[in-house]
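Trainee: no sequence on this one, just coordinates:
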């Protein structure tokens, strides 16, 4: 990003912080105690009639007697869970003042403010960590949340993605240099387009040697790699040692078993992103590759994506994680993906929830920080009004959100603070 934009972005984000932070609780020196009748630990276990003790932003104890003189939130009658993790979002995507998909000519300050607003929507919906896959403006957004207390989920970002162009451009050495530049720029992960858009057929755009170079260099630098891949590119990316596969349409059952054997995390989307495009067609149509033909393609492939998802969860050992590819129109509605996975595709509700907790944390390499309710981890905790194991639509009813020991949403009737 040009240096001259930095001061304006900083001012814009500072104003946003000042407007939002009034009324939000800060982490306390004294212990905070959450009382709960039902707790999902994030790994598939359900705890009953217990307490969670938090101090300094972290969970210090689960169970036992409550300490004296504590700040307490009574969450009995609700379902308490670790905050959810969405492994694929695009916070800066939004509709502009004309109710159309905002373009690159929009002032960057306006784009990053829209990203801040979308981040708040996702946090309020229960998503305390997200992985943003691909905008250089994410760096300002991530840092404002981490350093200034901007209300939003913890963001891991690829900054801008690495595109394959389908013409064999980019020697392995050149691509390694691109990865090194991303490392210097502060990327948390490397995003790679190994295939074109599904709206354009999803054909491979990188060779095996190119994928080997990118994923190998990232691994040497200590960064994970997330690959947009369809068809043949799915197996190629896994063979290259890439960390995580996105989308994956036209992968065969043999390809899915290959991913499982190689420990590659898989993030297929079961419905939210494509349905969001279809529902918001007037806001997208005619911009870039959002043509009538493209919308016809998305309508056609939606059930194909859902069939792929069914095959993925039936593949023994395949680590299927939760990611929505949330774009303009979908932020704050990320949890709708749970409904597609459970109601439409038949995934076990607890497996779906774990895919957005400990399994997603493992995929993002942050399992020692978040994703579970256990001593030593960040106090990222949400509560739902309802039981998602009995009715998955309960994920729509998030009434309590704590991130890092700070309470951002509290509509729980039993607050005793």
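Mentor: Thanks, I have the structure now. Note that the structure is predicted; figures quoted are calculated from it, not measured.
Trainee: For the closest residue to residue 39 other than its chain neighbours, give me its contacts.
Mentor: With sequence-adjacent residues excluded and distances taken as Cβ to Cβ, 6 or more residues apart in numbering, residue 39 is closest to residue 47, at 4.1 Å. Any C-beta I mention is one placed from the backbone N, CA and C, and that applies to glycine too. Residue 47 makes contact with 36, 38, 39, 40, 41, 62, 63, 373 under the criterion Cβ atoms under 8 Å, 6 or more residues apart in numbering.
Trainee: Hmm, residue 37 and residue 46 touching each other?
Mentor: No. Using Cβ atoms under 8 Å, residue 46 makes no contact with residue 37, being 10.6 Å away.
Trainee: any idea how far residue 327 is from the residue positioned nearest the centre of the chain?
Mentor: Closest residue to the average C-alpha location of the chain: residue 86 at 2.2 Å, with Cα atoms, centre = their mean. Here residue 86 is placed at a distance of 12 Å from residue 327 (Cβ to Cβ, to the nearest Å).
Trainee: How about residue 241?
Mentor: In terms of Cβ to Cβ, residue 241 sits 28 Å off from residue 327.
Trainee: so where do the helices sit in the chain?
Mentor: Assigned by DSSP state H, the chain shows helices spanning 5-21, 108-124, 138-148, 172-185, 208-220, 232-239, 253-261, 272-279, 281-284, 292-313, 336-339, 349-355, 358-363.
Trainee: chain center to the last one, what's the gap?
Mentor: Here helix 358-363 shows a centroid-to-chain-centroid distance of 11 Å under the convention Cα atoms, centre = their mean, to the nearest Å.
Trainee: What lies in contact with that helix?
Mentor: Counting by Cβ under 8 Å, 6+ apart, 42-43, 82, 84-87, 129, 243-244, 265, 267, 319-323, 367, 369-372 sit against helix 358-363.
Trainee: The same query, at a cut-off of 6 Å, please.
Mentor: Contact partners of helix 358-363, identified using Cβ atoms under 6 Å, 6 or more residues apart in numbering, comprise 42, 43, 85, 87, 244, 265, 321, 322, 367, 370, 371, 372.
Trainee: Read off the pLDDT value for residue 65.
Mentor: Per-residue confidence (pLDDT) for residue 65: 86.
Trainee: burial of it, as a residue count?
Mentor: 9 (other Cβ atoms under 10 Å).
Trainee: separation between it and residue 50?
Mentor: Taking Cβ to Cβ, one finds residue 65 at 11 Å from residue 50.
Trainee: May I ask you to confirm that residue 183 is in contact with residue 221?
Mentor: Yes. Residue 183 is within contact range of residue 221, at 4.9 Å (criterion: Cβ atoms under 6 Å).
Trainee: ok, residue 319 touching residue 264?
Mentor: No. If you go by Cβ under 6 Å, residue 319 and residue 264 don't touch, sitting 7.7 Å apart.
Trainee: out of those two, which sits in the busier spot?
Mentor: residue 264 (24 against 19).
Trainee: Excluding chain neighbours, what is closest to the more buried one?
Mentor: Using Cβ to Cβ, 6+ apart, the closest residue to residue 264 is residue 238 (4.3 Å).
Trainee: Residue 241 and residue 327 - which one has more neighbours?
Mentor: residue 327 (21 against 16).
Trainee: Need the pLDDT of residue 200.
Mentor: At residue 200, pLDDT is 77.
Trainee: Please renumber the chain so that the first residue is 43 from this point on.
Mentor: Fine by me, first position is 43 from now on; the one you just mentioned is residue 242.
Trainee: OK, contacts around it?
Mentor: Residue 242 neighbours (Cβ under 6 Å, 6+ apart): residue 331.
Trainee: how about a cut-off of 10 Å?
Mentor: Residue 242 makes contacts with 208, 331, 333, 335, 336, 339, as judged by Cβ atoms under 10 Å, 6 or more residues apart in numbering.
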